[in-house]
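A.B. asks: let's see this in three dimensions:
(one chain, ligands or ions: 4)
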Amino acid sequence: MEKEVFSLCFMCSIRCPIKVKVKDGQVTWIEGNPHVAGMEGSLCPRGAAGTSLLYDRQRVQSPMIRVGDRGSGNWRKASWDEALDYVGDKLKAIIDQHGGHSVVLGERTQLATHVSKTFLKAIGSPNHFTHDALCKGSVNTACRSLFGLTDGQIGIDYRNTRHIVLYGRNIFEAISVKEVNNLMAAMEEGAKMTYIDPRVSVTATKAHRYWMIRPGTDLALNYALMHVILDERLYDAAFVDRWVHGLAELQDFVAPYSPQWAETETGIPAAEIVALARELAKDRPAVAFHYGYRGASHTNEIYLRRSILMLNALMGSIETKGGIFFKKGPGEAGGKAARKLVEQDFPKIDVPRFDKAGTPDFPLPDPAHGVPHRLPHAILNADPYPIKALFNFRFEPLMSIADTELTRKALDQLDLIVTIDINYSDIAWYSDVILPESTYLERTDCIQQANGLKPQMFLRRQAVTPRYDTRDGAMILKQIADRIGTGNYFPYENMDELVRWQLEGTGFTMEDFDAKGFVAYGKKQIFWDRMDGLKLKTPSKKIEFKSSLLEDAGFESFPAYEPMPSAEPGKFRLVTGRAALHTHVSTQNVEYLNELCGENLLWINNQKAAELGIADRAMVEIASSRHSGKMRAYVTDLIHPECVFLLHGFGHQAKRAERSYNKGVSDAALQENLYDKVGGSPAYHDTFVNVKAA
Ligand SMILES: Nc1nc2c(c(=O)[nH]1)N[C@H]1C(S)=C(S)[C@@H](COP(=O)(O)OP(=O)(O)OC[C@H]3O[C@@H](n4cnc5c(=O)[nH]c(N)nc54)[C@H](O)[C@@H]3O)O[C@H]1N2
Ligand SMILES: Nc1nc2c(c(=O)[nH]1)N[C@H]1C(S)=C(S)[C@@H](COP(=O)(O)OP(=O)(O)OC[C@H]3O[C@@H](n4cnc5c(=O)[nH]c(N)nc54)[C@H](O)[C@@H]3O)O[C@H]1N2
Ligand code: SF4
Ligand SMILES: [Mo]
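C.D. replies: Ligands and ions are numbered 1, 2, ... in the order given. Next up, the predicted model:
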């Protein structure tokens, strides 16, 4: 029997709409959903490798309970009842003795996030966190400081842009299929791309203008761009007069930051900086300065992200075709959003979060997401109180939080670690119980509410039945809740019932997704009137260059620029990033992808390598204050001499993931747990390393 199922990819969390072909209960083909603009049948290499994950024998095949020491890899296979009873008993004892707030659950924001938030609220814990701060916490805070809206509420109209500026937004390797396709279509029609990165990434090779910037100095570049734009009055005066709060303050602030000054700091010639500002002014407002996807490199991250968003405001490229737009929800199209379990009434929680987000200690990071990299500190210091149990749901703290050794030390203090994963990830390997989730091709998931210029809803639909003894995450959490007396918050017996419950009152049914895999609330793109109708949520209702959010919390809107230190002689700034073939820390063991890219290499500048006697592909030893490891060098003139680069996500330690075990070196192991104390993002690029021939 053959069928086609519309669903959502989950080889990464972009969740591209897909069409899955199934024959006799087996997946034979996956392609991008042809009904979705920007997908047109295409997938990225990871999406195309979906079957390699589905049919992998090295993923977790049944619930597992640890029998040896943590991390020793001694497991016994358990039935679901046994594993769920085990977790339920332990969890109940912990809650009874230490209170619900001693339980933390971390996850990559996903479709079942409302289920996991409900799981914690029901036990009286405020300690749900998502990956968000690790990825772009400071982008989120920057957006709230300027617009009163989160980064999740803005987007870029790639398809209609005339010129896009990317600050290490390596869009052709760190992929979102729709974004890439839309940008390529715009470029085919003449749109320009300026790309800035200390490393010649694939995106650099496609750019009209590429600048090999000195690492960490993008903020200096932006202050100089603002200087030119204000000095030469290149900005959109009508838009700025109507919407910007604090232009005069910005003007005074950037006056000393000339292009000549920036040339010394960044290495980019002053004349080129001036030329870019003038060029963009010609194409405005259909220009976009990309505010970043992973905005997590330095301790002053929030000010870089604010400066990028401010450049957009100066160009008037806000709520306009080809610029930045505000995402519209169903309400704007006269519809209703799908229900979420978390909208129920819960007992009141009166303890602070473990990370203190939203308290005077750490006021600005978004408490709706929390700050994962504060978890080791909270556990090790019982600050603000003892933490006893950790649930990891599609999240890998050992490799995704900088300083693996510190995180592991913290985990050692816990009475219970439970991981819901599909793979033998390092965190699954270090847990007490692994509860295996069915892969995205084997499960139906909660509704995806897709806000945007045209609000829509998407559905991940089960394409094939689970190959192993695995379950859906939202069912696993419900079944634990049933065992600890909070099952009443989970009014469903299977995923179809949950989805139907979510859709009640929206006017849509599950069957409405059959035809195209999604439903739309309306046909037309919704733009607000950009001169009169921006629904900004700042206190002034304006774009706050001078930010009340920052200043009320005791931070400056325009702190003086602090020069970015160069590495001491013999050392390098460690920078990290993604390749098109892998997702973070998840896909290194997927057979097809592993075959194409099975280890990470250390990019090192050829002149520096010559000084150190390092040959291309030779083994080197890389050492930071936290860790050292051996890997192969990629000697090249395509990287700035002050930094070395490695791909994130290698150096796995879980032995059952045999293909990726011990291949390459983990960036998280080398990095210090540093972060932006204002915006909340980690400073992944503020660790220095020594490199020598091994
Ligand atoms: N050192 C360092 N740390 C980083 C980054 C970095 O560059 N360097 N990048 C940061 C960024 S941008 C992000 S977004 C985060 C991402 O951080 P994470 O979300 O932790 O990383 P992922 O690799 O996306 O996935 C985490 C886990 O989800 C599991 N998984 C995959 N699919 C499924 C599924 O369907 N169900 C379940 N239950 N589990 C599944 C994987 O096996 C893996 O163990 O990491 C951040 N941390
Ligand atoms: N293939 C693939 N695609 C993905 C993901 C994935 O895991 N794999 N994950 C998704 C997610 S969650 C995210 S957050 C995005 C990440 O998307 P991006 O933020 O675009 O990706 P990264 O690879 O983290 O980008 C880091 C880039 O910044 C450069 N860089 C280093 N230092 C500097 C500097 O000082 N200045 C400038 N201008 N550049 C610098 C690095 O050389 C590298 O090319 O990708 C998304 N898409
Ligand atoms: S970007 Fe690639 S891996 Fe991520 S959801 Fe889309 S097709 Fe899947
Ligand atoms: Mo991310």
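A.B. asks: for ligand 3, what are the nearby residues on the protein?
C.D. replies: Residues of the chain lying close to ligand 3 (Cβ under 6 Å from any ligand atom) are 9, 11-12, 14-16, 43-44, 46-47, 175-177. Every residue, glycine included, has its C-beta placed from N, CA and C.
A.B. asks: the closest residue to residue 451 other than its chain neighbours: how many residues sit nearby?
C.D. replies: In space, and not counting its chain neighbours, residue 451 is closest to residue 327: 4.1 Å by Cβ to Cβ, 6 or more residues apart in numbering. Neighbour count of residue 327, defined by other Cβ atoms under 10 Å: 17.
A.B. asks: same thing with residue 348?
C.D. replies: Residue 348 has 6 neighbouring residues, counting by other Cβ under 10 Å.
A.B. asks: so how far is residue 389 from it?
C.D. replies: 21 Å (Cβ to Cβ, to the nearest Å).
A.B. asks: quick one: the residue nearest to residue 451 from ligand 1, how far?
C.D. replies: According to Cβ to the nearest ligand atom, to the nearest Å, residue 327 and ligand 1 sit 19 Å apart.
A.B. asks: residue 157 is in contact with that residue, correct?
C.D. replies: No - if you go by Cβ atoms under 8 Å, residue 327 and residue 157 don't touch, sitting 11.4 Å apart.
A.B. asks: what are the ranges of the strands in the stretch 151-300 of the chain?
C.D. replies: Using DSSP state E, counting those that start in this stretch, the strands of the stretch 151-300 of the chain run over 154-156, 163-167, 192-196, 209-211, 244-245, 287-289.
A.B. asks: Serialize those to a markdown table and add fields for mean pLDDT, distance to residue 546 and mean neighbour count.
C.D. replies: Formatted as a markdown table, the strands of the stretch 151-300 of the chain follow (pLDDT from 0 to 100; distance: least, Cβ to Cβ, whole Å; neighbours: other Cβ atoms under 10 Å):
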| stretch | mean pLDDT | distance to residue 546 | mean neighbour count |
| --- | --- | --- | --- |
| strand 154-156 | 98 | 20 | 19 |
| strand 163-167 | 98 | 23 | 25 |
| strand 192-196 | 98 | 27 | 22 |
| strand 209-211 | 98 | 29 | 19 |
| strand 244-245 | 98 | 6 | 20 |
| strand 287-289 | 98 | 20 | 28 |
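A.B. asks: residue 499: which of those is closest?
C.D. replies: Of all the strands of the stretch 151-300 of the chain, strand 154-156 sits nearest to residue 499, with 25.6 Å by Cβ to Cβ.
A.B. asks: distance from the closest one to the middle of the chain?
C.D. replies: 15 Å (Cα atoms, centre = their mean, to the nearest Å).
A.B. asks: give the pairing partners of it; include direction for each.
C.D. replies: Neighbouring strands of strand 154-156 in its sheet, by DSSP bridges, are strand 324-326 (antiparallel).
A.B. asks: so for the following helix or strand past the partner strand, mean pLDDT?
C.D. replies: As assigned by DSSP states H and E, the chain's next helix or strand after strand 324-326 is helix 375-381. Over the span of helix 375-381, the pLDDT mean works out to 98.
A.B. asks: how about this protein: which residue is closest to ligand 3?
C.D. replies: residue 47 (2.6 Å; Cβ to the nearest ligand atom).
A.B. asks: what's the local residue count around that residue?
C.D. replies: Neighbours around residue 47, by other Cβ under 10 Å: 21.
A.B. asks: who's in contact with it?
C.D. replies: For residue 47, the contact set (Cβ atoms under 8 Å, 6 or more residues apart in numbering) comprises 9, 11-12, 16, 18, 30, 32, 177.
A.B. asks: what helix or strand does it sit in?
C.D. replies: helix 45-48.
A.B. asks: also residue 632?
C.D. replies: strand 628-636.
A.B. asks: which ones are touching residue 76?
C.D. replies: 64-65, 67.
A.B. asks: out of those, who's the most crowded?
C.D. replies: Busiest of the contacts of residue 76 [other Cβ under 10 Å] is residue 64, holding 23 neighbours.
A.B. asks: may I ask you to confirm that that residue is in contact with residue 82?
C.D. replies: No - checked against Cβ under 8 Å, the pair residue 64 and residue 82 is beyond contact range at 10.7 Å.
A.B. asks: what parts of the chain come near ligand 1?
C.D. replies: Of all the residues in the chain, those lying near ligand 1 are 10, 108, 131, 134-135, 294, 393-396, 400, 402, 420-423, 425, 437, 439-440, 473, 576, 583-586, 648, 667-668, 671, 684, going by Cβ under 6 Å from any ligand atom.
A.B. asks: can you tell me which of these are in strands?
C.D. replies: Among the residues of the chain next to ligand 1, DSSP state E puts 393, 420-421, 576 in strands.
A.B. asks: let me have those in a markdown table, extended by neighbour count and pLDDT.
C.D. replies: Formatted as a markdown table, these follow (neighbours: other Cβ atoms under 10 Å; pLDDT from 0 to 100):
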| residue | neighbour count | pLDDT |
| --- | --- | --- |
| 393 | 24 | 98 |
| 420 | 27 | 98 |
| 421 | 23 | 98 |
| 576 | 23 | 98 |
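A.B. asks: what's the most distant pair in those residues?
C.D. replies: Greatest spatial distance among those (Cβ to Cβ): 420 and 576, at 26.2 Å.
A.B. asks: ok, the residue in the stretch 501-650 of the chain positioned nearest to ligand 4 to residue 304 distance?
C.D. replies: For the stretch 501-650 of the chain and ligand 4, the shortest gap (Cβ to the ion) falls at residue 584, measuring 7.3 Å. From residue 584 across to residue 304, the span is 22 Å (Cβ to Cβ).
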